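In: pasting the sequence and the predicted model now:
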Amino acid sequence: MITEQTPSLDLKKKLAAVVSDKLDVGVAMNALAHMSLGMGTVLGPDEALVCDYRDADGVSHPSISAYPFIVLKGRPNKIREAITMALSQNIRVVNFTHTMTVGSYVEQLERTKATTNADLEFYGAVFYGEIEAVNALTRKFSLFR
């Protein structure tokens with residue numbers, strides 16, 4: 001955890017999310033929320049470099065990562081390719097698929113287990129790694145607007 005007393009850090013890593021350009025905004029934001037929470041859990045508070053921001057009134061705004069975090073959009077098949085590349089390059093990735101919606105989490109787990117990887121439609125992925133590696137992986141995607 002970073003505090004106001006922590007010396008300034010030279011950040012060498014970043015986060016980038018890519019969500020499917022085929023999704024309605026609400027579905028895309030749902031996928032982004034799930035993936036971001038998942039990546040935060042994978043990294044933990046120390047590696048995620050979370051900061052508790054405090055405003056002039058002393059009110060705390062906790063657990064915001066110091067890393068740059070960009071949100072992009074792209075086609076589901078390109079997201080799949082990026083996930084495959086990330087895994088081969090040791091870039092951490094958390095993804096979200098069409099089987100992870102509708103019904104309880106138990107139903108979603110069962111639906112995912114019954115679906116081959118080739119049949120999964122990727123709603124998005126969050127990537128974490130060295131800035132240059134994540135940039136190279138995500139440069140073909142456009143900014144989410």
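Out: Perfect, thanks for sending it.
In: and the residue nearest to residue 51 when sequence neighbours are not counted, how far from residue 39?
Out: The shortest distance from residue 51 to any residue that is not its chain neighbour, by Cβ to Cβ, 6 or more residues apart in numbering, is 4.4 Å, and that residue is residue 2. Glycine gets a C-beta too; all of them are placed from N, C-alpha and C. From residue 2 across to residue 39, the span is 17 Å (Cβ to Cβ, to the nearest Å).
In: for residue 79, same thing?
Out: In this structure, residue 79 lies at 15 Å from residue 39, with Cβ to Cβ as the measure.
In: which one of the two is surrounded by more residues?
Out: For residue 79 versus residue 39, neighbours defined as other Cβ atoms under 10 Å are more numerous around residue 79 (25 against 21).
In: give the contact list for that one.
Out: The contact partners of residue 79, taken as Cβ atoms under 8 Å, 6 or more residues apart in numbering, are 18, 20, 95, 122, 124, 125.
In: contacts for the longest helix along the chain, please.
Out: What stands out as the longest helix in the chain, according to DSSP state H, is helix 25-47. Counting contacts by Cβ under 8 Å, 6+ apart, the residues outside helix 25-47 that touch it are 1, 15, 17, 19-20, 23, 48, 50, 63, 65, 71, 73, 92, 94-96, 100-101, 123-126, 128, 144.
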